[in-house]
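Q: what's the 3D shape of this:
(chains A and B)
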Amino acid sequence: MNRTNIVVNLNEPLVFEQSAPGKSAYSLPPLDVEEVALDQIVDPKLIRSDIPGFPEISEVELIRHYTRLSTWNYHVDLGLYPLGSCTMKYNPKLNERVARIPGLATVHPLLNAPLAQGNLKILYRLQELLKEITGMAGVTLQPAAGSQGELTGILMVRAYHAARNKPRKYVLIPDSAHGTNPASATISGYEVKAIPSDQTGQIDLTSLKEKMSDEVACLMLTNPNTLGIFESRIQEIGRIVHEAGALLYMDGANFNALLGQTRPGDMGIDVLHLNLHKTFSTPHGGGGPGSGPVACQESLIPFLPVPIVAKDGDKFRLDFDRPQTIGRLHAFFGNFGMMVRALAYILSCGGDGLKQISETAVLNANYIRKRLADHYDLPYDTPSLHEVVFSDKRQERQGVKTLDIAKRLIDLGFHPPTVYFPLIVHGALMIEPTESAGKGELDEFIEAMIQIHRETVEEPAKVTGAPTSAKVARLDETRAARTPVLRWKARGKDEEKDEG
Amino acid sequence: MRYISLTPEERKQMLDVLGLGSADELFRSIPAAVRLTRPLDVPSAMSETEVVNYFETLARENTSAQSNACFLGAGAYNHFVPTVIDSIISRSEFYTAYTPYQPEISQGTLQSIFEYQTMISQLTGLDVANASLYDGSSATAEAALMAARVTGRKCILVSPSLHPEYRRVLETYVRNLNFQLEELRQAPDGRIDRDSLEAQIGENCGSVIIQSPNFFGVVEDIAALAQVVKAAGGVLVVAVTEALSLGLLQPPGDLGADIVAGEGQSFGIPLGFGGPYLGLFACRDQYKRQMPGRVVGETVDSQGRRGFVLTLSTREQHIRREKATSNICTNQGLCALMCAVFLATLGRKGLRELAEQNLRKAHYLRSLLADHLVFSGPFFNEFTVRCPESPERINERLAEQGIIGGLPLGRYYAERADQMVVCVTEQVSRTQMDEFARIFKG
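A: Numbers count the residues shown, from 1 in each chain, chains lettered A, B, ... in the order given. Got it, this is the predicted structure:
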């Protein structure tokens, strides 16, 4: 298959640049109450003037505009999207269908519980299934994404310690962790202490012991970590943490590797968040919406956000009466539409299917690892699970860096892996194929990576000049940051008053 | 498993390459003591038909706003969603892509967000907008944190008519950061008492959070409040739960707001039982490097062509870690796209016409309930009424006629147990309003 030139290069101006008075894409029913003069019902001082430059286009132009824009995007339905730590798996169409069932999707969140039994049952069912899948005792579905899940979890940790009269001061975070971890700990009022990784790519236990004290609230551990490595001393880590009276938080971003193989609840984790948009197939939407449920052990249940969906007999109700709760993270129940999709996914896969998913995701990643290990530097040779992290050490000798490799992959028809993360690997290339990739596609990707390695020696300019087949060539990010242009502005006779 | 593409033969070939006898060996790094040795207690796989039937059955146990007239608003509004929106967001190119980390192959997402940011700036009257936050409530909490960063003052003044659930989220976000939240006073007309603001703002209290139209539906005198805030060197945050009001009412930025945080659900996003929604966030240019969340900017490529990238990333957690302006990573990208498509569909004329319809219809219902009004202040499409009997009982009688009533206030304000907030959108007809008024009056 020739994977090049899959991006259509139609030019497409901004929607504002296509606007002209007299064009429109809307239709409203006629007003069915008397059309009294506006100033009779509202003070004219409250009314805004027209919005110069606001779009005015026809429906057909609108559809073509967005359709053309869409052709410039790489996406999961097009091919392998091996962004490490993002779990870019296939998003089943069935999930989209059920999430749009009008009787589910047009329900007001402030309805009384008896009028929303169907949706409450969905929340309850998902809650219960996630408890079984994680081995935990309590679940909240409210956090809108992974980082809000982290915040929720850490706030629960804090409330747990505060209920024991001392919230404690520090959160320990390995240096390989995602940036959201320290940021979430900070807004929870904690100071962050970084723990280095050892030469196996796992958390350094000596340093962990040194930094552990009765002022440590928790250790935030990503497992498997961002190198794709399972923290195999997890039981000992749990002991060290718990002996100091601290809690063990697990960032479940990489839970796809563990489905049906092991459960956080059985390995000493006190609280974790999941990402429904990673492990449970809800679409990434060009940057969201996600969903970041939090699961916890019995000891943390009192602190879960409100409301919790409870079951009385065959009726479901919302439990707000939880005096020790951390409060709310979302005005309503979180990203409900994502929960419908995730539940559809779990039901479609079944228990066996979930296990096959982790098995296949890990097999795919290890296959890539093995076949590329002769061409790319593998900084840690510890066994890894669902993703593999290479460095650009070998290619750098030829003047080719990770960014170049990533851009060259675009020309060869693939979305690049996550780059320059985790920070502990020089020029990291973090590859997560997920279970969605078939062997044929994996082989093509591997061949493309090998080709790039060959090119770094034979024709490095081809790599450093990439991409040449995309809508645009490399973009000037420095200029974007130094002199930010964050919006379009009308010019000429329609000019807005200067707001800059 | 239809979501997996490997044949047993390929599986074996791949294991051979790895020198492994079984897939189980891939998991040797997990200590045996913590391996799950039994199957998950999750039902076996359901077919597509079964899954559809399962959810269709549950849908019948809900009272939806599609088959019932809906007078319930309070942060979630039953507006019409134009057909084109689902058509566009159902394109795999948009919904199965992720955050545009590789701009060369994400220009569709990036340009559409740039256009979204522009429209939010235009609507709010502020210079810059970000690429979205989770929802109105967390956007308001992020605005409070940002205002505190900007002013360096630890006390935040909060309107008593800020949506109570937003207030709750705000409390959750600031609880451990040594902020104090102080409540402003409400005047009898339903707006913030300007004198109370003047008395409370000062060296310690610099950030002021109000909502307009507020939780009771009343439009605040933003300009008057902004004057006070400005004179005290503070930062005014205006929260907006009914974004459609921005299509008709004076933009908060023009009236002196420094930050607008809001809920964009009204712009093409279904009620959806509360989510996914869309956190709107816009601010003055001078504060842009303090903003939370992703931002898209315009630039050029190596050949001088216009293109778009994620920018100002040194504010963000993946660079700054614990010193970031926010912990947010994934946002509500697809909802921002829905909003942008909605605004482009309604456009310059349609948005205003739609907003006017809401205002006129709401005022028609008010004329029917004139004896029951609680506040005299101006309103957009929601207002508060005192009920002749318990609001819950009225709602029960409305429900019998297929009408979803307003929001009883007793749950949030004990002293208002006899009141409800009524919302009128373009989706309710005059006949339904007449019926509502008849049943309401008993």
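Q: Identify the residues contacting B:Pro213.
A: B:219-220, B:240-242, B:245, B:249, B:379-382 (Cβ atoms under 8 Å, 6 or more residues apart in numbering or on different chains). (C-beta placed from N, C-alpha, C; glycine too.)
Q: List just the nearest of these to B:Leu312.
A: B:Val240 (23.5 Å; Cβ to Cβ).
Q: Confirm for me that B:Asn62 is in contact with A:Gly103.
A: Yes - at 5.3 Å, B:Asn62 and A:Gly103 qualify as touching, with contact defined as Cβ atoms under 8 Å.
Q: shared neighbours of these two, anything?
A: Common neighbours of B:Asn62 and A:Gly103 (Cβ under 8 Å, 6+ apart) are A:Gly118.
Q: ok so, going back, rebuild the contacts of B:Pro213 as CSV, extending it with distance to B:Cys339.
A: Supplementary listing: those in CSV, determined by distance: Cβ to Cβ, whole Å:
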residue, distance to B:Cys339
B:Val219, 22
B:Glu220, 23
B:Val240, 13
B:Thr241, 15
B:Glu242, 14
B:Ser245, 15
B:Leu249, 18
B:Phe379, 24
B:Phe380, 19
B:Asn381, 18
B:Glu382, 20
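Q: now B:Leu351: how far from A:Val60?
A: Distance, B:Leu351 to A:Val60, by Cβ to Cβ, to the nearest Å: 20 Å.
Q: With A:Thr464 instead?
A: Relative to A:Val60, and taking Cβ to Cβ, A:Thr464 is found at 42 Å.
Q: Tell me which of these two has more neighbours.
A: A:Thr464 (19 against 9; other Cβ atoms under 10 Å in any protein chain shown).
Q: and the residue nearest to the more buried one when sequence neighbours are not counted, how far is that from A:Gly413?
A: Nearest non-adjacent residue to A:Thr464, counting by Cβ to Cβ, 6 or more residues apart in numbering or on different chains: A:Asp404, 4.8 Å away. A:Asp404 sits 17 Å away from A:Gly413, going by Cβ to Cβ.
Q: One more: B:Ala143?
A: 42 Å.
Q: Who has more neighbours out of these two?
A: B:Ala143 (29 against 21).
Q: hang on, that one packs against B:Ala257?
A: No - using Cβ under 8 Å, B:Ala143 makes no contact with B:Ala257, being 10.1 Å away.
Q: who are the neighbours in contact with the residue of the stretch 1-150 of chain B found nearest chain A?
A: Closest residue of the stretch 1-150 of chain B to chain A, Cβ to the nearest Cβ: B:Ala59 (2.7 Å). By Cβ under 8 Å, 6+ apart, the contact list for B:Ala59 reads A:101-104, A:118.
Q: Let me have the residues you listed in JSON lines, adding distance to B:Pro188 and pLDDT as columns.
A: Listed next are those as JSON lines, based on distance: Cβ to Cβ, whole Å; pLDDT from 0 to 100:
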{"residue": "A:Ile101", "distance to B:Pro188": "46", "pLDDT": "98"}
{"residue": "A:Pro102", "distance to B:Pro188": "42", "pLDDT": "97"}
{"residue": "A:Gly103", "distance to B:Pro188": "42", "pLDDT": "97"}
{"residue": "A:Leu104", "distance to B:Pro188": "42", "pLDDT": "98"}
{"residue": "A:Gly118", "distance to B:Pro188": "42", "pLDDT": "98"}
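Q: Domain-wise, how is the chain divided?
A: Assuming you mean chain A. A:94-348, A:360-482 (automatic domain parsing).
Q: not what I meant, chain B
A: B:69-81+B:347-441, B:83-342.
Q: So which of those is the most surrounded?
A: domain B:83-342 (a mean of 23; mean count of other Cβ atoms under 10 Å in any protein chain shown).
Q: Could you pull up the mean pLDDT of it?
A: For domain B:83-342, mean pLDDT is 96.
Q: hang on, A:Val171 packs against A:Lys211?
A: No - counting by Cβ under 8 Å, A:Val171 stays clear of A:Lys211, with 10.7 Å between them.
Q: which residues are in contact with both of these two?
A: With contacts defined as Cβ under 8 Å, 6+ apart, the residues shared by A:Val171 and A:Lys211 are A:Lys193.
Q: The two: who's more crowded?
A: A:Val171 (28 against 17).
Q: Three-state assignment for that one, please.
A: strand (DSSP: H, G, I helix; E, B strand; the rest coil).
Q: residues in contact with it?
A: By Cβ under 8 Å, 6+ apart, the contact set of A:Val171 is A:154, A:182, A:185, A:188, A:190-193, A:216-220.
Q: next one: B:Arg289
A: By Cβ under 8 Å, 6+ apart, the residues touching B:Arg289 are B:312, B:315.
Q: before we move on, the earlier item: please identify the most buried of the domains of chain A.
A: For these, where neighbours mean mean count of other Cβ under 10 Å, the stretch averaging the most is domain A:94-348, with a mean of 23.
Q: the helices in the stretch 351-500 of chain A, which residues?
A: Here the stretch 351-500 of chain A has its helices, by DSSP state H, counting those that start in this stretch, at A:393-396, A:402-411, A:439-458, A:460-464, A:477-482.
Q: and the ones you listed as JSON lines, adding mean pLDDT and distance to A:Gly238?
A: Below are the helices of the stretch 351-500 of chain A laid out as JSON lines (pLDDT from 0 to 100; distance: least, Cβ to Cβ, whole Å):
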{"stretch": "helix A:393-396", "mean pLDDT": "97", "distance to A:Gly238": "34"}
{"stretch": "helix A:402-411", "mean pLDDT": "98", "distance to A:Gly238": "35"}
{"stretch": "helix A:439-458", "mean pLDDT": "98", "distance to A:Gly238": "35"}
{"stretch": "helix A:460-464", "mean pLDDT": "97", "distance to A:Gly238": "45"}
{"stretch": "helix A:477-482", "mean pLDDT": "96", "distance to A:Gly238": "42"}
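Q: B:Pro31 is nearest to which of those helices?
A: When the helices of the stretch 351-500 of chain A are compared (using Cβ to Cβ), the closest one is helix A:439-458, at 28.8 Å.
Q: Now do the same contact list for the closest residue to B:Ala131 other than its chain neighbours.
A: Leaving aside its sequence neighbours, B:Ala131 sits nearest to B:Arg294 (Cβ to Cβ, 6+ apart; 4.2 Å). When contacts are counted by Cβ under 8 Å, 6+ apart, B:Arg294 touches A:287, B:99, B:113, B:130-132, B:310, B:316, B:328, B:331.
Q: out of the residues you listed, which one sits closest to B:Arg185?
A: B:Asn130 (31.8 Å).
Q: Just confirm that closest one contacts B:Pro292, I think it does.
A: Yes - using Cβ under 8 Å, B:Asn130 is in contact with B:Pro292, at 7.0 Å.
Q: Show me the common contact partners of these two, please.
A: Counting by Cβ under 8 Å, 6+ apart, the residues touching both B:Asn130 and B:Pro292 are B:Phe281.
Q: Where does B:Ser196 sit: helix, strand or coil?
A: On the basis of three-state DSSP, B:Ser196 is classed as helix.
Q: ok so, going back, take the contacts of B:Arg294 and keep only those in strands.
A: Among the contacts of B:Arg294, the ones falling in strands (DSSP state E) are B:Leu310.
Q: For the stretch 351-500 of chain A, give the residue positioned nearest to chain B.
A: Closest to chain B within the stretch 351-500 of chain A is A:Gly438: 3.2 Å, counting by Cβ to the nearest Cβ.
Q: circling back: mind putting the domains of chain A into TSV with distance to B:Ala147?
A: Rendered in TSV, the data for the domains of chain A read as follows (distance: least, Cβ to Cβ, whole Å):
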stretch	distance to B:Ala147
domain A:94-348	15
domain A:360-482	24
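Q: between those, which gets nearest to B:Val174?
A: Of all these, it is domain A:94-348 that lies closest to B:Val174, at 8.9 Å by Cβ to Cβ.
Q: coming back round to it: out of the domains of chain B, which comes closest to A:Lys278?
A: domain B:83-342 (9.6 Å).
Q: Thank you kindly, that will do.
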